[in-house]
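Trainee: following is a predicted model, sequence given first.
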Amino acid sequence: MSNADEKKRTLEKTSSGIPGFEGITHGGIPHGRPTLVCGNAGCGKTLFGMQFLVAGATEQEEPGVFVAFEETESDLKTNVASLGWDLDTLCEQNKFAVETINISSEEMIEAGRYDLEGLFVRLDAAIREIGARRIVLDTVETLFGAFMDAHIVRAEFRRLLRWFKDRDITTVVTAERGSGGLTRFGIEEYVSDCVIELSQTVSGQTTRRHLRILKYRGSEHGTNAYPFLIGQRGIHLFPVTELGLDFPVSEKRISSGIHRLDEMLGGKGFYRGSSLLLSGTTGTGKSSISASFAAAACARGEQVLYISYEEARTQIIRNMKSIGIDLEKWYENGRLGFHTERVTTHGLEEHFFLVKEIIDINKPEVVVIDPVSNLLQMGSPEEVKNLLTRLIDLLKSQGITTLVTELITGGHPLESTSTEISSLMDAWLLLRDIESGGERNRLLHVLKSRGMAHSHQVREFILTDHGIELKDVYAGPAGLVTGTARYTQEAQEEEQRHRRIEEIERRKNELERKRKLKEARLKEIETQFQGEEEELLRAIREAEQEEEKFSKTGQQRKKMRGGS
């Protein structure tokens, strides 16, 4: 089959203008075909249609007509002005048109009791005037509210959609959710090529919105219920659950900001672009280590985003000064950005979208989130884990190194997390405290660090006025020795060391004394030996001389007696 034939067989699609929507539909809504957007009141149906038309007019060179059966043109323009959409200018440029139709009894008499020809005339005029390629009908049940016969409604609705399809106009129709089905009449979904359901639910005091594609003729599509946010720029859908795990990874390593912690990680620190979990009970130093990590990244010239769900920026900066970490200079020169707010300010999905928006704007290389466990106030552990999974995958896909902290509350095992995200993380540092000798001291342990050798030893860490220091932990008969007991142990060992040194010196001096005594005695013996030797040699010489003299006298006597 040729490329041209293949292209003909492929369903042509039109961009929706909604961020993230093209990802789950593989291109957008069906071009030249009708799409039904249904849902309960306040879920964003009108906004979906308006955003679709504005995107076409401003980005795709496709003028559009918005047909309103309930709202006035001035109300519509005022409502969307807060999103930065200037419909008056678009209308002046013939890129946009608003057609308001009041379905009254007079209107129905003019159009005919069961005939939409009058509507077709008005729509045709509006389409021709600006050369529209897109149209939105909002909402369809208002149009057909006067029809009592379901067969007539279905026939007229089908005829209306066919009328748009014959003109190759991409159509979006909105409809209110019915009491027993997707729509009030229960037939719109059957005659539409694409059906999108928008839903809005309230859990506690938090509102959540989801988008689900129920039907898409001729195209594959995502089938999940995807959360979306209505923000300052309209609907924003980001289905990170669709992200794969084939994002690039780095071989480069970056410092944690704590020298001895880097040593525990093979002397090189963490992998760039990895995800790091720092968990511990209250007061174990999670925020201090996070600040040290952020400051080290700023010192390397990297852009850092610090997200705090507990403390204000000014409080964080002040507190970190007490341990010698100056975050204020990095904030002032723009290396360090803060996003601080209570988790109760927004719903779970809004937090995700806000963080994503900040990341898109600031392009950080390092992100710190302190602590993620606060998000449990807004949802169940499963919901929070799903949110964090999407967030971690998003950050990894962009090569952002991420450090998140999590508070472990009393009654939970230390080697577990409330949000159950430990399996998602590349490295996990556990902070805990130990009580001994009437005091509590902090300990750090690297539970895991994927792809690198790391120390399995426990380290005590101390918050000093010049930063964080890791110390060796002493193991005594009763267990780990930390804090004052460790200092006492160190002092005792130092004293023992001095004693050993003194003993060695004493023994060396004793050895030197004995060596000198030995040498003195040897010299005395040598001197005595020399004296005795001289005396003996003299006696020997005298004896030899006597012997020689005696021998000569004997020979003389013999000669005198006549001997030979």
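Mentor: Nice, I can see it.
Trainee: for stretch 50-61, the averaged confidence score.
Mentor: For stretch 50-61, mean pLDDT rounds to 94.
Trainee: hey, C-alpha coordinates of that stretch in CSV?
Mentor: The C-alpha coordinates for stretch 50-61 follow below in CSV (Å, rounded to 0.1, in the frame of the first residue of the first chain):
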residue,chain,number,x,y,z
MET,A,50,-14.7,27.9,23.5
GLN,A,51,-11.0,26.8,23.9
PHE,A,52,-11.4,24.6,20.8
LEU,A,53,-12.6,27.6,18.8
VAL,A,54,-10.0,30.1,20.1
ALA,A,55,-7.2,27.7,19.4
GLY,A,56,-8.4,27.2,15.9
ALA,A,57,-8.7,31.0,15.3
THR,A,58,-5.3,31.9,16.8
GLU,A,59,-3.1,28.9,16.1
GLN,A,60,-4.5,26.9,13.2
GLU,A,61,-5.9,29.6,10.9
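Trainee: could you pull out the buried residues of it?
Mentor: Within stretch 50-61, the residues that count as buried by 16 or more other Cβ atoms under 10 Å are M50, Q51, F52, L53, V54, A55, G56, A57, T58. Quick note: C-beta positions are derived from backbone N, CA and C, even for glycine.
Trainee: what's the answer for stretch 302-310, then?
Mentor: Buried residues in stretch 302-310, defined by neighbour count with 16+ other Cβ under 10 Å: E302, Q303, V304, L305, Y306, I307, S308, Y309.
Trainee: mind checking which of the buried residues of stretch 50-61 land in strands?
Mentor: Judged by DSSP state E, these include no members of strands.
Trainee: after the helix or strand that T207 is a member of comes which helix or strand?
Mentor: Secondary structure from DSSP states H and E places T207 in strand 206-216. Counting by DSSP H and E, the next helix or strand C-terminal to strand 206-216 is strand 226-231.
Trainee: got the contact list for the residue nearest to G379 when sequence neighbours are not counted?
Mentor: Excluding the flanking residues, the one nearest G379 by Cβ to Cβ, 6 or more residues apart in numbering is L348, at 4.8 Å. Going by Cβ atoms under 8 Å, 6 or more residues apart in numbering, L348 touches T206, R208, L375, M378, G379, E383, V384, L387.
Trainee: quick check: next helix or strand after the worst-scoring helix or strand of the chain on mean pLDDT?
Mentor: Lowest on mean pLDDT, DSSP states H and E among the helices and strands of the chain sits helix 105-111, with a mean of 43. Later in the chain than helix 105-111, the nearest helix or strand by DSSP H and E is helix 117-130.
Trainee: pull out the buried residues from that following helix.
Mentor: In terms of neighbour count (16+ other Cβ under 10 Å), helix 117-130 has its buried residues at L119, L123, A126, I127, I130.
Trainee: which ones are touching the second one?
Mentor: L123 sits next to V65, V67, E99, I135, W163 when contact means Cβ under 8 Å, 6+ apart.
Trainee: one more time with 7 Å
Mentor: Going by Cβ atoms under 7 Å, 6 or more residues apart in numbering, L123 touches V67.
Trainee: how near is it to A55?
Mentor: Distance from L123 to A55, counting by Cβ to Cβ, to the nearest Å: 21 Å.
Trainee: on that earlier part again, in strands only, show me the buried residues of stretch 302-310.
Mentor: Judged by DSSP E, the buried residues of stretch 302-310 include V304, L305, Y306, I307, S308 as members of strands.
Trainee: from these, which is closest to Q528?
Mentor: V304 (86.8 Å; Cβ to Cβ).
Trainee: can you pull the pLDDT of D166?
Mentor: pLDDT at D166 comes out at 92.
Trainee: A helix includes K77, no?
Mentor: Yes: under DSSP: H, G, I helix; E, B strand; the rest coil, K77 sits within a helix.
Trainee: was I right to think it contacts D88?
Mentor: Yes: contact criterion Cβ atoms under 7 Å: K77 and D88 qualify, at 6.4 Å.
Trainee: look at the two and report which has more neighbours.
Mentor: Looking at K77 and D88 with other Cβ atoms under 10 Å, you find the greater number of neighbours at K77, namely 18 against 11.
Trainee: that older thread, out of the ones in strands among the buried residues of stretch 302-310, which comes closest to L11?
Mentor: L305 (40.2 Å).
Trainee: for the closest one, what are its contacts?
Mentor: When contacts are counted by Cβ under 7 Å, 6+ apart, L305 touches G337, H339, I358, I359, N362, P364, V367.
Trainee: surely the fourth one is in a helix?
Mentor: Yes: according to three-state DSSP, the state of I359 is that of a helix.
Trainee: all helices of the stretch 201-350 of the chain, in order?
Mentor: 259-264, 286-299, 313-321, 328-332, 348-362 (DSSP state H, counting those that start in this stretch).
Trainee: of those helices, which approaches P371 most closely?
Mentor: P371 lies closest, by Cβ to Cβ, to one member of the helices of the stretch 201-350 of the chain: helix 286-299, at 6.7 Å.
Trainee: that closest one vs strand 304-308, what angle?
Mentor: 160 degrees (axes from the mean of the first three to the mean of the last three Cα atoms, to 10 degrees).
Trainee: so which elements touch the lengthiest helix in the chain?
Mentor: Criterion DSSP state H: the longest helix present in the chain is helix 483-560. Contacts defined by 3 or more Cβ pairs under 7 Å, 6 or more residues apart in numbering; DSSP states H and E place helix 483-560 against strand 439-449, strand 474-476.
Trainee: now the weakest link among the ones you listed, please, by mean pLDDT.
Mentor: strand 474-476 - the lowest mean pLDDT of these, at a mean of 62.
Trainee: quick one: low-confidence parts of the stretch 101-250 of the chain?
Mentor: Along the stretch 101-250 of the chain, segments meeting pLDDT under 70 span 103-115, 143-150, 152-153, 178-190, 203-206, 238-245.
Trainee: quick one, helices of the stretch 51-200 of the chain?
Mentor: Using DSSP H, counting those that start in this stretch, helices in the stretch 51-200 of the chain cover 73-81, 87-92, 105-111, 117-130, 140-143, 150-166, 188-191.
Trainee: could those helices go into JSON lines alongside distance to S288?
Mentor: As requested, the helices of the stretch 51-200 of the chain are exported to JSON lines (distance: least, Cβ to Cβ, whole Å):
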{"stretch": "helix 73-81", "distance to S288": "46"}
{"stretch": "helix 87-92", "distance to S288": "52"}
{"stretch": "helix 105-111", "distance to S288": "70"}
{"stretch": "helix 117-130", "distance to S288": "61"}
{"stretch": "helix 140-143", "distance to S288": "59"}
{"stretch": "helix 150-166", "distance to S288": "62"}
{"stretch": "helix 188-191", "distance to S288": "56"}
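Trainee: so of those, which one's packed in deepest?
Mentor: The highest mean neighbour count among the helices of the stretch 51-200 of the chain, using mean count of other Cβ atoms under 10 Å, belongs to helix 140-143: a mean of 20.
Trainee: using PDB, write out every CA atom in it.
Mentor: This file holds the C-alpha atoms of helix 140-143, laid out as PDB (Å, rounded to 0.1, in the frame of the first residue of the first chain):
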ATOM      1  CA  VAL A 140     -28.000  20.800  22.400                       C
ATOM      2  CA  GLU A 141     -30.800  19.900  24.800                       C
ATOM      3  CA  THR A 142     -31.900  23.600  24.800                       C
ATOM      4  CA  LEU A 143     -32.200  23.400  21.000                       C
END
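Trainee: just give me the neighbour total for the nearest residue to I213 once chain neighbours are set aside.
Mentor: Once flanking residues are discounted, I213 sits nearest to H221: 4.8 Å by Cβ to Cβ, 6+ apart. For H221, the neighbour count with other Cβ under 10 Å is 14.
Trainee: you'd agree H221 is up against K215?
Mentor: No: here H221 lies out of contact with K215, judged by Cβ under 7 Å, at a distance of 8.8 Å.
Trainee: quick one: the residue nearest to G379 from A295, how far?
Mentor: On the measure of Cβ to Cβ, L348 and A295 end up 30 Å apart.
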